[in-house]
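Participant: show me the folded form of this:
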Amino acid sequence: MNLIFFGRPGAGKGTQARRVQEHYGIPQISTGDILREAMAAGTPVGRQARTYYERGDLVPDEVMLHVIEERLTAPDAQEGFVLDGFPRTVPQAEALEALLRRLGRRIDAVLYFDVPHDVLIRRLSGRWICRAAGHIYHEVSNPPRVRGRCDVDGSELYQRPDDQSETVARRLRVYDEQTAPVLEYYRSLGLLHRIDGALGAGEVFRQIQAVLEPLREKR
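Facilitator: Below is the predicted model of the structure:
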């Protein structure tokens with residue numbers, strides 16, 4: 001099964017992609033991870049990507065697609081994949097479709113992890129980090145025993161600017177503006193499946209299985 005997991009930051013798609021990888025044996029392909037791996041390995045396309053990265057520029061779509069192609073042609077991805085983090089624009093989606101067509105493959109389903117903004121803001125803005133060693137806490141899922149202090153070393157906990165609620169809300173607005181057309185693109189192709197990402201992790205995975213099992217039976 002060739003899948004795309006789609007959702008706002010904090011929607012839990014990365015966690016669920018790893019569960020799908022373990023359960024179905026198809027690799028999670030995070031575009032951020034494979035880009036870093038290609039640069040570290042020094043592949044030709046990795047070296048090309050590094051020239052943009054070191055200048056602080058965005059890696060162009062053409063280069064990113066070459067990195068994705070390298071990963072999709074690896075032996076472990078021949079039975080399927082879960083693409084996480086790409087595409088984010090309609091031109092990227094169209095370019096990905098052309099790439100897969102050239103490889104004799106196609107997307108079977110796009111799973112959209114839908115989580116309300118207020119839930120995402122609580123998830124993303126609840127993270128606190130200790131100053132001494134970087135231990136991570138969360139106000140809801142992993143709170144410290146003493147408010148504002150690290151359980152391990154007693155140092156002060158602080159919040160990064162990116163994790164503050166105002167910044168998180170702005171990031172979500174920008175993401176929605178950029179990616180809403182991509183959702184419509186895949187909806188028009190009949191590939192989009194909504195997953196209620198606000199539920200517990202186990203229930204979210206059961207929703208995923210309800211989409212994937214019929215696809216697997218068709219193959």
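Participant: what is the one helix or strand residue 167 maps to packed up against?
Facilitator: Counting by DSSP states H and E, the element that carries residue 167 is helix 165-188. Using 3 or more C-beta pairs under 8 Å, 6 or more residues apart in numbering; DSSP states H and E as the contact test, the elements touching helix 165-188 are strand 2-7, helix 90-102, helix 117-125. Just so you know, the C-beta spots here come from the backbone N, C-alpha and C atoms, and that holds for glycine as well.
Participant: deepest of those, which one?
Facilitator: Sort the helices and strands packed on helix 165-188 by mean neighbour count, taking mean count of other C-beta atoms under 10 Å, and strand 2-7 sits at the top with a mean of 24.
Participant: downstream neighbour of it in the secondary structure list?
Facilitator: Immediately after strand 2-7, counting by DSSP H and E, sits helix 13-24.
Participant: relative to the whole chain's centre, how far out is the strand or helix carrying residue 51?
Facilitator: Per DSSP H and E, residue 51 falls inside helix 44-55. A distance of 22 Å separates the centroid of the chain from that of helix 44-55, by C-alpha atoms, centre = their mean, to the nearest Å.
Participant: stretch 42-50 now?
Facilitator: 22 Å.
Participant: average model confidence for that stretch?
Facilitator: For stretch 42-50, mean pLDDT rounds to 87.
Participant: for the nearest residue to residue 197 once chain neighbours are set aside, the count of nearby residues, please.
Facilitator: The shortest distance from residue 197 to any non-neighbouring residue, by C-beta to C-beta, 6 or more residues apart in numbering, is to residue 113 (3.7 Å). Using other C-beta atoms under 10 Å, the number of residues around residue 113 comes to 24.
Participant: tell me which helix or strand residue 113 sits in.
Facilitator: Per DSSP H and E: strand 109-114 holds residue 113.
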